[in-house]
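Asker: Coordinates for the following, if possible.
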Amino acid sequence: FIISLAGPAVKGSDCIIEQNRTILEASGVPVTTAAAYCRVLEEIYGNPGLTKERLGELSVAVPESMRKNLENIYEADDPWINHFVSFDPAEHISKITCPVMAVNGGKDMQVIAESNIGRLEALLKESGGNLLKTYPELNHMFQHCTTGLPDEYGKIEETISEEVLQDMTTWINSL
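Answerer: A predicted model of the protein is given here:
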């Protein structure tokens, strides 16, 4: 069997862009600014021929601090992030034949439950025993939370929801 805890089921670039949009908006950034920032991210991740000059033209609609962050992303050459951005797990997920338990937090702002659980539902073969579940009040770390923003993780005493652990135990024992 496989247990996926907030595992992405969408292409890495889509996951990062959706994550950024969600966190920016939840942090009070105007929707239009968050959208402009994410359009530039789409260009960075989807256009290997993007020039620094064009990046500057695209990012004029965002504040200076956000422009600087976009420049850092553009200039970064991190093998892991390069792989993650280009990786689409669909082919691998569609080949899974064993039972899968995939869970996400409804307040997760890093791996958005709706996008990822929905994609898993579409890609997974019924193998007798799949369990896909979203916990509405939990964040990416499966903690009960107020906002779901990443800066909240370390302020929460709970390490992981007992409900998630119990559901994992129950599911494993049911196989």
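
Asker: okay, CA-based contacts and neighbour counts for the rest of this
Answerer: OK.

Asker: Kindly provide the distance from the residue positioned nearest the centre of the chain to Ile117.
Answerer: Centroid-nearest residue in the chain, with C-alpha atoms, centre = their mean: Val111, separated by 2.4 Å. Per C-alpha to C-alpha, to the nearest Å, Val111 is found 10 Å from Ile117.

Asker: Which neighbours do the two have in common?
Answerer: Asn104 (C-alpha atoms under 8 Å, 6 or more residues apart in numbering).

Asker: mind listing the strands for the protein?
Answerer: Taking DSSP state E, the strands of the chain run over residues 2-5, 100-105, 131-135.

Asker: Could you export stretch 54-69 as CSV, CA atoms only?
Answerer: The C-alpha coordinates for stretch 54-69 follow below in CSV (Å, rounded to 0.1, in the frame of the first residue of the first chain):
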residue,chain,number,x,y,z
ARG,A,54,11.5,40.5,-20.5
LEU,A,55,11.3,39.4,-16.8
GLY,A,56,11.6,43.1,-15.9
GLU,A,57,8.9,44.0,-18.3
LEU,A,58,6.5,41.3,-17.0
SER,A,59,7.1,42.1,-13.3
VAL,A,60,6.4,45.9,-13.4
ALA,A,61,2.9,45.2,-11.9
VAL,A,62,4.3,43.9,-8.6
PRO,A,63,6.0,45.7,-5.7
GLU,A,64,9.8,45.9,-5.6
SER,A,65,10.2,43.2,-2.9
MET,A,66,8.2,40.8,-5.0
ARG,A,67,10.1,41.8,-8.2
LYS,A,68,13.4,41.0,-6.3
ASN,A,69,12.0,37.6,-5.3
